[in-house]
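**Student:** here is a sequence together with a model predicted from it:
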Amino acid sequence: MSVHVTLEELQRAAGSGLSPERLKAVICHLMSGCQECRTLAREAVFPSRSRKDGPLPPDLDAAYESVLESAADFACRVERLPPGERVAFQKAHALLGSGGKRGDLLSLSRKGVRLASFGVCEALLAWAWRVRFDDPQRMYELARFAAEQADSLSPEAYGACALADFRARAWAEFGNACRVADQLREAERAFGKAFELFASGTGDPRLKVRLHDLQASLFGTLRHHALAARSLDIVAGLYRQLGEEHLASRTLITKGLYIHYSGRTEDALALNAQALASIDKEREPGLVVLAVKNELLYLVDSERFPEANRLLFDNRRRFRGLGRIVALRVRWIEGRISYGLERWLSAEEIFREVARGCEEAELGFARALVGLELAAALLRQERPAEAEKEAAMSLKVFISLRVAWEAVGATYLLIEAFRMQLTTAELVEHAEGTIRYIRRMQMEMGW
């Protein structure tokens with residue numbers, strides 16, 4: 001796109017009033033870094049603010065970037081749909097955005113939307129992806145609806161090979177949603193079905209790399225870290241064959257996590273720095289935030305707390321407006337930094353906040369682990385009775401999960417240490433040892 005866009009076009013783009021081709025061109029132009037047009041885009045998104053108001057405050061700036069990324073995703077999805085499916089997609093997409101969090105299919109049906117269509121399935125997948133950092137359960141439900149509806153589509157209406165491709169993508173996206181929602185056996189079955197469908201489709205290379213990319217994340221969640229890292233090497237090579245250097249570089253960020261989980265944190269830091277230097281920051285600003293968050297994690301796990309604290313301070317503005325789950329992870333890291341810097345009261349306050357957030361998000365393992373970290377912070381403040389209460393709560397959560405028996409045993413030992421009335425120093429040593437052991441499990445589980 002060689003010319004600038006107008007404010008009228010940007011206002012129409014915000015309301016999905018442009019053709020798919022023009023919408024994609026506008027979004028690509030904005031994400032290429034044109035400051036003049038990005039300023040106009042801010043006026044379209046926030047019409048109450050004028051240029052004389054100066055730069056957007058951090059919360060609005062984060063909201064603007066979120067709108068831009070959502071518009072880019074919207075444009076790409078519309079473009080690849082058959083022309084006759086685009087109206088259904090746009091209508092379903094709008095209804096899903098305004099119809100609450102549950103009963104999505106029922107809501108669409110009541111509004112007269114024909115459910116068995118590419119357009120509706122694509123809208124369900126779009127919203128599943130959009131809520132992945134805020135509502136894992138809704139992501140799971142939306143992706144499941146999409147896969148089920150894709151299975152009901154007619155080969156006569158869409159063509160057998162094209163339908164196989166679409167169904168393969170829907171089932172792979174559902175498999176990824178299962179992974180996010182900790183439904184790992186269901187995720188494995190979904191990916192198996194996705195690859196089976198792919199084999200009977202067109203052999204689309206972009207679909208193939210997408211399936212492998214998502215499955216690599218499942219390998220990581222299943223603690224097959226070496227396999228996940230090797231898979232991402234293949235994925236990066238496939239992206240380069242497609243001329244997608246940015247997406248190839250993007251895989252380095254995820255690969256760094258798996259290398260870190262394998263105990264090679266210095267290698268993970270180096271890989272993360274390589275990714276930050278090579279990704280297209282204008283194309284995907286949220287990816288920079290993810291890379292910085294990972295760097296924070298690596299530094300904290302290496303007990304380089306002053307360095308991590310400086311990195312957090314320098315990038316605090318980037319972390320404004322994150323999705324709920326990512327924001328919770330960053331806040332947890334901040335609590336660990338406070339603990340490492342011996343700011344016990346600050347650590348306690350942050351760990352309590354994170355514990356509440358984990359409960360609301362139904363993240364049981366994380367809630368139990370942060371409870372032990374809270375207990376350690378309380379011990380550091382000479383409050384053993386409160387610390388024992390938090391440890392007992394964590395034990396109860398670990399038992400309820402029925403998948404973390406090593407954590408149950410380790411926490412039982414900590415409870416026994418409390419009952420033996422050891423000195424505070426001995427209890428702190430025991431608590432921190434238990435946390436290190438269980439955190440290793442957490443790393444392996446990829447949370």
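**Tutor:** Sure, I can see it. Numbering: from 1, shown residues only.

**Student:** please make it C-alpha for all contacts and neighbour counts, starting now.
**Tutor:** Fine.

**Student:** any idea how far the residue most central in space within the chain is from residue 326?
**Tutor:** Nearest residue to the geometric centre of the chain (CA atoms, centre = their mean): residue 133, 4.6 Å. Taking CA to CA, to the nearest Å as the measure, residue 133 falls 6 Å from residue 326.

**Student:** list the contacts of residue 253.
**Tutor:** 271-272, 275, 291 (CA atoms under 8 Å, 6 or more residues apart in numbering).

**Student:** possible to save these as a markdown table with pLDDT, neighbour count and distance to residue 217?
**Tutor:** Below are these laid out as a markdown table (pLDDT from 0 to 100; neighbours: other CA atoms under 10 Å; distance: CA to CA, whole Å):
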| residue | pLDDT | neighbour count | distance to residue 217 |
| --- | --- | --- | --- |
| 271 | 94 | 20 | 17 |
| 272 | 94 | 24 | 17 |
| 275 | 91 | 23 | 17 |
| 291 | 92 | 22 | 16 |
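
**Student:** just the closest of these to residue 330, please.
**Tutor:** The shortest approach to residue 330 among the contacts of residue 253 belongs to residue 291, at 11.8 Å (CA to CA).

**Student:** that closest one contacts residue 274, doesn't it?
**Tutor:** No: here residue 291 lies out of contact with residue 274, judged by CA atoms under 8 Å, at a distance of 10.3 Å.

**Student:** name the nearest residue to residue 85, sequence neighbours excluded.
**Tutor:** residue 119 (4.9 Å; CA to CA, 6 or more residues apart in numbering).

**Student:** and for residue 131?
**Tutor:** Nearest to residue 131 is residue 139, by CA to CA, 6+ apart, at 6.0 Å.

**Student:** repeat for residue 298
**Tutor:** Nearest one to residue 298, counting by CA to CA, 6+ apart, is residue 265 at 6.1 Å.

**Student:** which residues does residue 218 contact?
**Tutor:** So residue 218 contacts 176, 179, 184, 187-188, 228 (CA under 8 Å, 6+ apart).

**Student:** which ones are touching residue 401?
**Tutor:** Per CA under 8 Å, 6+ apart, neighbours of residue 401: 364-365.

**Student:** distance of it relative to residue 394?
**Tutor:** Taking CA to CA, one finds residue 401 at 11 Å from residue 394.

**Student:** neighbours around residue 325, how many?
**Tutor:** 18 (other CA atoms under 10 Å).

**Student:** residue contacts, it?
**Tutor:** Contacts of residue 325 (CA under 8 Å, 6+ apart): 133-134, 361.

**Student:** any idea how far it is from residue 252?
**Tutor:** To residue 252, residue 325 is 21 Å away according to CA to CA.

**Student:** residue 169 too?
**Tutor:** With CA to CA as the criterion, residue 169 and residue 252 are 23 Å apart.

**Student:** the residue nearest to residue 85: helix or strand, and which one exactly?
**Tutor:** If you go by DSSP states H and E, residue 119 is part of helix 118-130.

**Student:** how about residue 282?
**Tutor:** Going by DSSP H and E, residue 282 is not part of any helix or strand.

**Student:** for it, give me the backbone phi and psi.
**Tutor:** Here is the backbone geometry of residue 282 (degrees, to the nearest 10): phi -70, psi -30.

**Student:** tally of neighbours for it?
**Tutor:** Neighbours of residue 282 using other CA under 10 Å come to 15.

**Student:** could I get the pLDDT score of it?
**Tutor:** pLDDT, residue 282: 73.

**Student:** now stretch 430-443: buried residues?
**Tutor:** By 16 or more other CA atoms under 10 Å, the buried positions in stretch 430-443 come out as 430-432, 434-435, 438-439, 441-443.

**Student:** do the same with stretch 123-136
**Tutor:** So for stretch 123-136, counting by 16+ other CA under 10 Å, buried means 123-136.

**Student:** again with stretch 269-280
**Tutor:** Applying 16+ other CA under 10 Å to stretch 269-280 flags 269, 271-273, 275-276, 279-280 as buried.

**Student:** same thing with stretch 393-407?
**Tutor:** Applying a neighbour-count criterion of 16+ other CA under 10 Å, one finds 394-395, 397-398, 404, 407 buried in stretch 393-407.

**Student:** from these, which two are the most distant?
**Tutor:** 394 and 404 (11.7 Å).

**Student:** can you give me the helices in the stretch 51-200 of the chain?
**Tutor:** For the stretch 51-200 of the chain, the helices defined by DSSP state H, counting those that start in this stretch occupy 58-80, 86-98, 104-110, 118-130, 136-151, 155-158, 160-180, 184-199.

**Student:** would TSV of those with mean pLDDT be doable?
**Tutor:** Below are the helices of the stretch 51-200 of the chain laid out as TSV (pLDDT from 0 to 100):
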stretch	mean pLDDT
helix 58-80	60
helix 86-98	82
helix 104-110	63
helix 118-130	91
helix 136-151	93
helix 155-158	88
helix 160-180	96
helix 184-199	96
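
**Student:** residue 340 is nearest to which of those helices?
**Tutor:** Of all the helices of the stretch 51-200 of the chain, helix 58-80 sits nearest to residue 340, with 27.7 Å by CA to CA.

**Student:** stretch 319-336: how far from the chain's middle?
**Tutor:** Mean-position distance between stretch 319-336 and its chain equals 12 Å (CA atoms, centre = their mean, to the nearest Å).

**Student:** CA atoms only: put it into PDB for me.
**Tutor:** This file holds the C-alpha atoms of stretch 319-336, laid out as PDB (Å, rounded to 0.1, in the frame of the first residue of the first chain):
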ATOM      1  CA  PHE A 319       2.500  -4.800  30.600                       C
ATOM      2  CA  ARG A 320      -0.500  -2.500  30.900                       C
ATOM      3  CA  GLY A 321      -3.600  -3.900  29.400                       C
ATOM      4  CA  LEU A 322      -2.500  -7.500  29.200                       C
ATOM      5  CA  GLY A 323      -4.900 -10.400  29.100                       C
ATOM      6  CA  ARG A 324      -6.000 -11.600  32.500                       C
ATOM      7  CA  ILE A 325      -3.800 -14.800  32.500                       C
ATOM      8  CA  VAL A 326      -0.600 -13.100  31.300                       C
ATOM      9  CA  ALA A 327      -1.100 -10.200  33.700                       C
ATOM     10  CA  LEU A 328      -1.500 -12.700  36.500                       C
ATOM     11  CA  ARG A 329       1.800 -14.400  35.500                       C
ATOM     12  CA  VAL A 330       3.700 -11.100  35.400                       C
ATOM     13  CA  ARG A 331       2.300 -10.100  38.800                       C
ATOM     14  CA  TRP A 332       3.400 -13.400  40.200                       C
ATOM     15  CA  ILE A 333       6.900 -12.900  38.900                       C
ATOM     16  CA  GLU A 334       6.800  -9.400  40.500                       C
ATOM     17  CA  GLY A 335       6.000 -11.100  43.800                       C
ATOM     18  CA  ARG A 336       8.900 -13.400  43.500                       C
END
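
**Student:** good, we can wrap up now.
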